[in-house]
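> The amino acid sequence is not available; the structure is as follows:
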């Protein structure tokens with residue numbers, strides 16, 4: 001499945017197993033600058049869409065990370081915890097934040113596709 005995006009600059013990709021991987025966008029990491037710390041969500045905890053699930057801190061600022069959909073966190077990226085700069089160098093691959101088991105896949109329909117997200121960035 002292609003990527004979906006939130007207005008808060010998170011991306012989400014549904015994986016072959018039906019769970020989804022979530023991270024911050026290239027735009028978000030660029031705006032933050034050099035990421036120095038990430039606070040990842042708790043595995044096994046259930047979050048609602050738009051809940052704060054973590055924090056990303058950079059040399060410039062700290063920003064909340066929001067859950068794009070409702071579900072249970074099934075995995076976090078320990079490599080990102082060990083090397084937060086992955087959020088800068090590869091935000092949509094190695095720099096992913098967490099995986100979530102979707103409680104309502106229809107919530108994905110409310111998120112932006114790549115074209116809509118590109119339009120949003122024109123006004124950012």
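Done, it's in. Keep in mind the model is a prediction, meaning the values are calculated, not measured.
> CA only for contacts and neighbour counts going forward, please
OK.
> Give me the most central residue, the protein.
Nearest to the geometric centre of the chain sits residue 23, at 2.4 Å (C-alpha atoms, centre = their mean).
> dump the residue contacts of that one.
10, 11, 12, 91, 92, 95, 96, 97, 98 (C-alpha atoms under 8 Å, 6 or more residues apart in numbering).
> again, only this time at 7 Å
10, 11, 12, 91, 92, 96, 97, 98 (C-alpha atoms under 7 Å, 6 or more residues apart in numbering).
> what's the neighbour count on the closest residue to the second one other than its chain neighbours?
Looking back up the chat, that one is residue 11. Distance criterion C-alpha to C-alpha, 6 or more residues apart in numbering; nearest residue to residue 11, sequence neighbours excluded, is residue 5 at 4.5 Å. By other C-alpha atoms under 10 Å, 25 other residues sit near residue 5.
> mind listing what's buried in stretch 93-101?
By neighbour count on 16 or more other C-alpha atoms under 10 Å, the buried set for stretch 93-101 is 95, 96, 97, 98, 99, 100, 101.
> pLDDT averaged over it - what is it?
Taken as a whole, stretch 93-101 has a mean pLDDT of 97.
> mind checking how far it is from the chain centre?
7 Å (C-alpha atoms, centre = their mean, to the nearest Å).
> Any idea how far apart the tips of it sit?
18 Å (C-alpha to C-alpha, to the nearest Å).
> do stretch 10-20 as well
By C-alpha to C-alpha, one end of stretch 10-20 lies 12 Å from the other end.
> Next: stretch 63-75.
With C-alpha to C-alpha, one end of stretch 63-75 sits 21 Å from the other.
> can you give me the helices for this protein?
26-32, 78-82, 86-89, 114-122 (DSSP state H).
> Pick the most deeply packed of the ones you listed.
helix 86-89 (a mean of 22; mean count of other C-alpha atoms under 10 Å).
> what's the burial count for the residue nearest to residue 26 when sequence neighbours are not counted?
Leaving aside its chain neighbours, residue 26 sits nearest to residue 91 (6.0 Å; criterion: C-alpha to C-alpha, 6+ apart). The tally of other residues near residue 91 (other C-alpha under 10 Å) stands at 22.
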